[in-house]
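Visitor: coordinates only, no sequence provided:
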């Protein structure tokens, strides 16, 4: 029933493309989010809906992601992680194609939601495959790169989206960027990910499947990681979803300038995720997670509450840097919580991420409609501060405990 790591004798077919495949699979989950984040105003104008309402397509996508990720907690015990990852990439392909041809807001809502479904399948399996195929000492760096795949997607996606949209609007951004990226990621995963796996178990009962959930939710530390992840993800939405629209509407910045700023923020996020592996070895998973989550919440709450546009941009850059650290460190901490059920743990963790992002997008949109950008940022930033407290009080780093016991 438990998930055991593949032994050295079972790894001869593992090629040099396994990590690039995992990085690109995470890369492919982000183009749709990049497009909506940058062109949310344009999509709203096409369908005649305000920004606060249009932004809820991401909320629906994240809610669907929560449901699918929880179901993945069962599937990850029965089926190969590789197969589930590739199925997720297939849904991202369908989503990009459908969004590009959507004629009414309802159709756009349905197909964009499929991007959340695809992400809920592929992203947790990417992290589970890191735990399945790499030794513990190499996981922090590998996780940093897989997380960076999402951030690099924003680095590349922001200018590409701005450029493509300049020729054919937001629809061409889906068809000319999100679609080919998803296709290439699918093909690379088929080639680069090993077919040898012990992540699936046959002949199991329904009771055995739900035993995996019991193993996750019976851990106080795992629950703390999940709650902290959800709330910190909600805080991050203040920047990810509403940051570009804030600069365009509050400071009247042109789309091209916002695209350049988005590149800078994505580079900051990428830098944070890549340096996390080194900082984890020096400071530990828990301490780095707590500090990064706290600072993400503070910067998310403050960037809309300054009158100088470039100071606001600087605060967003810092928020992105520490959010990259936050996600990589928290993911690494969560991955080690229940080693017997890594697939289930990371699927439930993805559900927590999706729940947090849905919560952040929903509450942020409501606050934006009822109050203003300042109220939105303060509401979501406070969730980040609460998340840091939860990580500090409840989370435990199992690898640190193992080192102490062995010393």
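Guide: Received the coordinates, thanks. None of these values were measured; they are calculated from a predicted model.
Visitor: so where is the stretch 151-300 of the chain shaky, pLDDT-wise?
Guide: 196-210 (pLDDT under 70).
Visitor: if we go to 80?
Guide: Along the stretch 151-300 of the chain, the parts satisfying pLDDT under 80 run over 151, 154-155, 158, 192, 194-215, 255-256, 259, 262-263, 277, 281.
Visitor: for it, what spans make up the helices?
Guide: All helices of the stretch 151-300 of the chain, identified by DSSP state H, counting those that start in this stretch, fall at 179-192, 206-217, 220-240, 243-250, 255-283, 285-302.
Visitor: save those helices as a markdown table, and put in mean neighbour count and distance to residue 23 too.
Guide: All C-beta atoms are positioned from the backbone trio N, CA, C, and that covers glycine. Formatted as a markdown table, those follow (neighbours: other CB atoms under 10 Å; distance: least, CB to CB, whole Å):
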| stretch | mean neighbour count | distance to residue 23 |
| --- | --- | --- |
| helix 179-192 | 19 | 9 |
| helix 206-217 | 16 | 26 |
| helix 220-240 | 27 | 20 |
| helix 243-250 | 21 | 24 |
| helix 255-283 | 20 | 11 |
| helix 285-302 | 25 | 21 |
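Visitor: and the ones you listed: which comes nearest residue 363?
Guide: With respect to residue 363, and counting by CB to CB, the nearest of the helices of the stretch 151-300 of the chain is helix 220-240 at 7.1 Å.
Visitor: please name every helix or strand in contact with that closest one.
Guide: helix 285-302, helix 309-335, helix 342-370, helix 373-394 (3 or more CB pairs under 8 Å, 6 or more residues apart in numbering; DSSP states H and E).
Visitor: still on that earlier bit, which of the helices of the stretch 151-300 of the chain sits closest to residue 108?
Guide: That would be helix 179-192 among the helices of the stretch 151-300 of the chain, by CB to CB, at 15.2 Å.
Visitor: return the distance of the closest one from the chain's centre.
Guide: 19 Å (CA atoms, centre = their mean, to the nearest Å).
Visitor: could you dump the helices and strands packed on helix 220-240 into CSV with distance to residue 91 added?
Guide: Below are those laid out as CSV (distance: least, CB to CB, whole Å):
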stretch, distance to residue 91
helix 285-302, 29
helix 309-335, 22
helix 342-370, 14
helix 373-394, 28
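Visitor: for those helices, which has the smallest mean pLDDT value?
Guide: Least confidently modelled of these is helix 342-370, at a mean of 84 by mean pLDDT.
Visitor: against which helices or strands is that one packed?
Guide: On a contact count with 3+ CB pairs under 8 Å, 6+ apart, helix 342-370 meets helix 51-54, helix 56-78, helix 105-133, helix 206-217, helix 220-240, helix 309-335, helix 373-394.
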